[in-house]
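Trainee: make a model of this:
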Amino acid sequence: MGFCDVEGLLVRAFTLATPDEELLYAAADKVDFENRIVQGTLAGIGQFPYQVSLRNKTLGHFCGGAIIKEYYVVTSAKCVQGLTADVIYIVTGTNELLPSGRTVAVVKVLRHESYDSSSLKNNIALLKTKEDLTKAYRASKIALNYVAPYPGQKCVLSGWGKEYAAAQSFSNYLRYAELTIMALSDCQRVLYEFDIDGGCHGDNGGPLVNYNVLYGILSWGFPCATDKPDVYINIAKYSNWINDRSI
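Mentor: Residues are numbered from 1 along each chain as shown. Got it, this is the predicted structure:
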């Protein structure tokens with residue numbers, strides 16, 4: 001899953017705000033953190049057809065994202081901050097970073113108009129592609145969430161995580177973990193004790209899903225090897241924004 005915060009992401013318990021709130025929260029379980037969070041579970045072929053890898057001009061992976069329409073991917077605005085469309089590529093239809101699946105050029109970057117790079121408020125972006133993303137083998141779009149889930153509900157997080165905590169590169173294989181919704185107040189008590197710039201960000205833009213419905217994308221996280229929450233953008237809050245701009 002990109003950067004070292006994936007160590008927590010692969011076992012985070014998922015906390016969701018009400019539909020009109022911007023952020024979702026996730027906190028690591030300490031037992032799982034010690035035993036399995038780095039590796040996660042290897043994804044089956046075609047298990048997450050909406051999952052994409054954002055690549056640079058040399059096709060190096062730098063973020064995750066999800067196909068939400070034939071020509072559109074949703075990710076975090078931080079992922080594409082300072083980047084123009086001509087230096088971003090989308091890879092679909094594969095569980096492996098190398099060899100890659102189908103590579104598609106990006107023609108337009110649509111960051112949220114009120115995105116704030118300092119506070120990471122409205123940290124969401126759309127990428128419009130040159131070609132239909134769903135034409136790739138084992139690639140398809142995912143539906144957006146419009147309502148808040150309930151405590152105890154399960155979600156799945158997927159991405160290219162590290163093989164082990166000290167690894168300097170991403171796993172070559174797509175991995176996933178099951179997450180459980182918590183009470184919002186539990187995460188809020190922890191969040192208020194920390195500043196936003198924790199310094200160890202996970203696979204920004206990566207999808208958080210329940211039964212093939214997109215609930216969140218990773219926005220930012222706390223330092224590695226802690227049980228502090230990670231923060232996700234609440235898709236229910238931005239569903240109208242997404243639909244209005246992905247025509």
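Trainee: can you tell me which helices and strands the lengthiest helix in the chain packs against?
Mentor: Longest among the helix segments of the chain by residue count, using DSSP state H, is helix 235-245. In terms of contacts (3 or more Cβ pairs under 8 Å, 6 or more residues apart in numbering; DSSP states H and E), helix 235-245 is packed against strand 143-144, strand 213-220. In this view, the C-beta of every residue, glycine as well, is placed from N, C-alpha and C.
Trainee: for the ones you listed, which one ends up most surrounded?
Mentor: Mean neighbour count, computed with mean count of other Cβ atoms under 10 Å, is highest for strand 213-220 among the helices and strands packed on helix 235-245, reaching a mean of 26.
Trainee: run me through the strand neighbours of that one, direction for each.
Mentor: Partner strands and pairing direction for strand 213-220 (DSSP bridges) are strand 143-144 (parallel), strand 207-210 (antiparallel), strand 230-234 (antiparallel).
Trainee: quick one, it and helix 235-245 angle?
Mentor: Angle, strand 213-220 to helix 235-245, by axes from the mean of the first three to the mean of the last three Cα atoms, to 10 degrees: 100 degrees.
Trainee: kindly export strand 213-220 (C-alpha atoms) in CSV.
Mentor: Output for strand 213-220, consisting of C-alpha atoms alone and laid out as CSV, is shown next (Å, rounded to 0.1, in the frame of the first residue of the first chain):
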residue,chain,number,x,y,z
VAL,A,213,-19.8,-0.1,-2.7
LEU,A,214,-17.1,2.6,-2.1
TYR,A,215,-17.3,4.0,1.4
GLY,A,216,-14.0,5.9,1.7
ILE,A,217,-10.6,6.8,0.3
LEU,A,218,-7.4,7.2,2.4
SER,A,219,-6.7,10.8,3.2
TRP,A,220,-3.8,10.8,5.8
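Trainee: buried residues in stretch 53-60?
Mentor: Of the residues in stretch 53-60, those buried by neighbour count under the rule 16 or more other Cβ atoms under 10 Å are 53-55.
Trainee: same question, stretch 105-115
Mentor: Across stretch 105-115, burial judged by 16+ other Cβ under 10 Å covers 106, 109-112, 115.
Trainee: out of the strands paired with strand 213-220, which comes closest to K135?
Mentor: Each of these was scored for nearness to K135 using Cβ to Cβ, and the closest is strand 143-144 (19.0 Å).
Trainee: wait, doesn't T92 sit right on R102?
Mentor: Yes - the pair T92 and R102 qualifies as a contact (Cβ atoms under 8 Å) at a distance of 5.3 Å.
Trainee: which residues are common contacts for the two?
Mentor: Both T92 and R102 are in contact with 136, 139, where contact means Cβ atoms under 8 Å, 6 or more residues apart in numbering.
Trainee: these two: which is more packed in?
Mentor: Just comparing T92 and R102: by other Cβ atoms under 10 Å the higher neighbour count belongs to T92, 27 against 17.
Trainee: if I look at the more buried one, what pLDDT would I see?
Mentor: The confidence metric pLDDT takes the value 96 at T92.
Trainee: same deal with the one 5 residues further on?
Mentor: In this prediction, L97 carries a pLDDT score of 88.
Trainee: where are the low-confidence patches of this structure?
Mentor: Applying pLDDT under 70 to the chain flags residues 1-39, 149, 161-168, 181-202, 221-230.
Trainee: now the helices: where do they sit in it?
Mentor: Using DSSP H, the helices assigned to the chain run over residues 6-9, 30-35, 184-191, 235-245.
Trainee: return the set of buried residues in the last one.
Mentor: So that's helix 235-245. 235-239, 241-242, 245.
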